[in-house]
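> Build the 3D model from these lines:
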Amino acid sequence: RLAELLAGALLAVAIQRRPEWLSRFRPSLVGAGRFRAAIAVAALGVIVVAFVVTPAGRGWAYRGGLPLFGLVSAAFIAGVQAAGPVRSLLSFGPLVWLGQISYGVYLYHWPVFVVVDQRWDGLGAGWLFAAEVAITLTIAIASYVFVEQPIRRGPAKSASAQPASAQSASAQRASEQPAIRPRPRWVDFLAAVAATALVCVVALTLDLGGASTVATIDAERAEAVAIQPVETVLLPKPADTSVIATNGATGPSVPSVQPDTEQVAPLRILVVGDSTSLSIGNGLVDWAFDNRELAQVTVMGLGGCGLVIDGLVGTVVDLASRECGDRVRDEIPAAVRTLRPDVVVVSINVADNWDRSFDGGQTFVRPTDPHYAGLIRDRYLAFFDDLVAAEVPHVVWLDPPEASVYGRDGVPIDASLAAAGQQLVDDAIDTAAALQPSVITELDLERWLQQAGLLDDPASRPDDVHLSESAASRVVNEWLAPQLIALVGGDRTVSPD
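Okay, here's the model as predicted:
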């Protein structure tokens, strides 16, 4: 941010203490109100376009573009120093009020958004955004009233400390100025509440309008389709193995079920991994709920939880680090022993690409660090070896699509480094699959999303990492469910009593 700060500081100096050489151009350039107003309009247009087209966490802005954007912002501020349409727009009351608390909004919004996203991830996009805006504005208002303003005003200066001439001049100016009654603070407070309510209403309206949200699992459905003991619920074995489309999805879906003399138990699917497994799990739960004769699904995914549970993660993932260790070390192995799944589906995207510290937080390293890279290989190979040793018939790894990856303190990680970290995971998976080809299968989720036109679709991947509900449904119905049934095949067939 240094370039942007320096651009603003230079502009402030130029406005307040105009250099002699710049003053020479005052009549023709600097002082020309129309010219500066035009600069404001042009700069505002550039800012709006950049806001719309720039991707989050990557792209030109993070490859040297931010200093250029800082210059555009400085030009915009310089332009609104003269009367014009942009200045009139920004003089609108609510915008002026937002400008007064803007630093607090900037300062507090990041931790608020991070914590709310993690703790209230079951809310819809509109409700979540409304809550985040309301909390951010409330904190910013409190900061403005009780912290910023007292600091800006400082202690009141005693009149006796001023020279007599200064006191006389001040008294004369005061007598010439009309008395201005200060506005009560409660008026500002009510205006702030009204503005906050307006923003929340707009956010909720957008949500009710059908904004895409990340897929979340319905608790009642999940309970209804959870894996049951293998001895229960034997159903007729499908006599016809052709595939049909279901749930309105196009393309192949699941085998039709016809009565026969043999019986088959529903396919038992255990889903594990980070938050991306929750998106996939949502689609599998909904599919199993609509096809209870075909599958039972238990989802044990955990946000931010990969297979590398060593070290200290310097991001919000720390909130779940201890729970993640319990999940990987104890809970998943216990579930495999008791539920006896036919297939374990593993979906992990960015959880093992975070910066980590192995010295108590003193230094953080990337996944390409030799020690970190060795842990990735060892933990992944050990996890898959344990599943094979537990006699899981099939293990499916979903090759993840590229995602926006953020490092410690929310700083975007260079795309090449993120890709290198994911490559280490891919290499470990390839090694495990080569050692146990009859058990471990890799399915290329990224390729299917690209072929289906969902990979770069904001409605399908709203946050560039997770699938929306509609996208998760398509992935499962059109691709994943048929793949799992074809993979397991007749392994589940049992003889009738």
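> which ones are touching the closest residue in space to Leu387 that isn't next to it in sequence?
Spatial nearest neighbour of Leu387, excluding adjacent residues (Cβ to Cβ, 6 or more residues apart in numbering): Val395 at 5.2 Å. (Each C-beta comes from the backbone N, C-alpha and C, glycine too.) Each residue near Val395 by Cβ atoms under 8 Å, 6 or more residues apart in numbering is listed here: 343-344, 346, 384, 387-388, 436, 439-441.
> Doesn't Val395 belong to a helix?
No: assigned with DSSP: H, G, I helix; E, B strand; the rest coil, Val395 falls outside any helix and is strand.
> does it have beta-bridge partners, and which?
Val344, Ile440 (DSSP bridges).
> burial of the closest residue to Gly273 other than its chain neighbours, as a residue count?
Excluding the flanking residues, the one nearest Gly273 by Cβ to Cβ, 6+ apart is Ser347, at 4.1 Å. When neighbours are defined as other Cβ atoms under 10 Å, Ser347 has 23 of them.
> quick one: the strands in this structure?
Counting by DSSP state E, the chain has strands at residues 235-236, 243-244, 254-255, 263-264, 267-273, 295-299, 312-313, 343-347, 356-357, 394-399, 440-444, 493-494.
> Quick one: closest of those strands to Leu90.
strand 312-313 (41.2 Å; Cβ to Cβ).
> measure Pro67 to Gly453 for me?
Separation of Pro67 from Gly453 (Cβ to Cβ, to the nearest Å): 36 Å.
> who's more crowded, the two?
Using other Cβ under 10 Å as the criterion, Pro67 and Gly453 rank with Pro67 on top: 13 against 9.
> Look at the closest residue to the more buried one other than its chain neighbours and say how many residues are nearby.
Leaving aside its sequence neighbours, Pro67 sits nearest to Ala3 (Cβ to Cβ, 6+ apart; 3.6 Å). Using other Cβ under 10 Å, Ala3 has 14 neighbouring residues.
> need the contact list for Ala3.
Counting by Cβ under 8 Å, 6+ apart, Ala3 has contacts 66-67, 70.
> Pick the one among those closest to Arg36.
The closest of the contacts of Ala3, once distances to Arg36 are taken by Cβ to Cβ, is Gly70, at 18.5 Å.
> from memory the closest one sits against Ala7, does it?
Yes: using Cβ atoms under 8 Å, Gly70 is in contact with Ala7, at 4.3 Å.
> which residues do these two both contact?
By Cβ under 8 Å, 6+ apart, no residue touches both Gly70 and Ala7.
> returning to that earlier point: make a markdown table out of the contacts of Ala3 and add pLDDT.
As requested, these are exported to a markdown table (pLDDT from 0 to 100):
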| residue | pLDDT |
| --- | --- |
| Leu66 | 82 |
| Pro67 | 86 |
| Gly70 | 87 |
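> Inside helices: which ones of those?
When DSSP state H defines the helices, the subset of the contacts of Ala3 inside them is 66-67, 70.
> what's the closest of the residues you listed to Val313?
Val313 lies nearest to Leu66 out of the ones in helices among the contacts of Ala3, by Cβ to Cβ, at 26.2 Å.
> Report the separation between that closest one and Gly304.
28 Å.
> So between these two, which is more surrounded?
The residue with more neighbours, out of Leu66 and Gly304, is Gly304; 20 against 14, by other Cβ under 10 Å.
> That one touches Ser275, doesn't it?
Yes: counting by Cβ under 8 Å, Gly304 touches Ser275, with 6.6 Å between them.
> Overlap in contacts, these two.
Ala351.
> And stretch 476-494, what's buried?
476-485, 487-488, 492 (16 or more other Cβ atoms under 10 Å).
> among the helices and strands of this structure, which has the poorest mean pLDDT?
strand 243-244 (a mean of 36; mean pLDDT, DSSP states H and E).
> CA atoms only: put stretch 299-319 into PDB for me.
Output in PDB follows, covering the C-alpha atoms of stretch 299-319 (Å, rounded to 0.1, in the frame of the first residue of the first chain):
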ATOM      1  CA  VAL A 299     -20.600 -36.100   5.400                       C
ATOM      2  CA  MET A 300     -17.700 -35.500   7.800                       C
ATOM      3  CA  GLY A 301     -16.100 -32.500   6.100                       C
ATOM      4  CA  LEU A 302     -14.800 -29.600   8.200                       C
ATOM      5  CA  GLY A 303     -14.100 -26.100   6.900                       C
ATOM      6  CA  GLY A 304     -10.300 -25.300   6.600                       C
ATOM      7  CA  CYS A 305      -9.400 -28.900   7.500                       C
ATOM      8  CA  GLY A 306      -7.000 -30.800   5.200                       C
ATOM      9  CA  LEU A 307      -4.800 -33.700   6.100                       C
ATOM     10  CA  VAL A 308      -1.800 -31.700   7.200                       C
ATOM     11  CA  ILE A 309      -2.600 -31.000  10.900                       C
ATOM     12  CA  ASP A 310       1.000 -30.000  11.900                       C
ATOM     13  CA  GLY A 311       2.100 -26.500  12.700                       C
ATOM     14  CA  LEU A 312       0.300 -23.300  13.200                       C
ATOM     15  CA  VAL A 313      -1.800 -21.800  10.400                       C
ATOM     16  CA  GLY A 314      -1.700 -18.000  10.400                       C
ATOM     17  CA  THR A 315      -5.200 -17.400   9.100                       C
ATOM     18  CA  VAL A 316      -8.700 -17.800  10.300                       C
ATOM     19  CA  VAL A 317      -8.300 -21.500   9.900                       C
ATOM     20  CA  ASP A 318      -6.700 -21.400  13.400                       C
ATOM     21  CA  LEU A 319     -10.300 -21.300  14.700                       C
END
